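Participant: Okay, structure incoming, though there's no sequence with it:
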């Protein structure tokens, strides 16, 4: 199973929003805890441009470079 937390920090209901710094730390923790365990994988998932601004998409790209698998 591959799954990921959806990244959104604008233009969505308040309960679904996250902050860039908090989101990045959450994704790093999820990768460390679950990615590669048995048949599990964590996926970086910025939703789309209206909800994930360039800075958030860029941060996801940087995390992907640090965790390329």
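Facilitator: Sure, I can see it. Predicted, not measured: the structure shown is a model, and the values here were computed from it.
Participant: Closest to the centroid, which residue in this protein?
Facilitator: Within the chain, one residue has its C-alpha closest to the average C-alpha position: by Cα atoms, centre = their mean, that is residue 44, at 4.1 Å.
Participant: Tell me who's in contact with the closest residue in space to that residue that isn't next to it in sequence.
Facilitator: The shortest distance from residue 44 to any residue that is not its chain neighbour, by Cβ to Cβ, 6 or more residues apart in numbering, is 4.8 Å, and that residue is residue 60. Glycine gets a C-beta too; all of them are placed from N, C-alpha and C. Residues counted as contacts of residue 60 (Cβ atoms under 8 Å, 6 or more residues apart in numbering) are 7, 27, 44, 46, 52.
Participant: In the helix ranked longest in the chain, which residues are buried?
Facilitator: Taking residue count as the measure and DSSP state H as the definition, the longest helix of the chain comes out as helix 20-34. By 16 or more other Cβ atoms under 10 Å, the buried positions in helix 20-34 come out as 20, 23-24, 27, 30-31, 34.
Participant: hmm, back to that, list phi and psi for the residue nearest to the centre of the chain.
Facilitator: The main-chain torsion angles of residue 44 are listed as degrees, to the nearest 10 and equal phi -80, psi 120.
Participant: what two of the contacts of residue 60 are the furthest from one another?
Facilitator: Maximum pairwise distance in the contacts of residue 60, criterion Cβ to Cβ, is 12.4 Å, between 27 and 52.
Participant: shared neighbours of the two, which are they?
Facilitator: 7, 60.
Participant: Mind pulling up the pLDDT for the residue nearest to the centre of the chain?
Facilitator: Turning to residue 44, the model gives it a pLDDT of 84.
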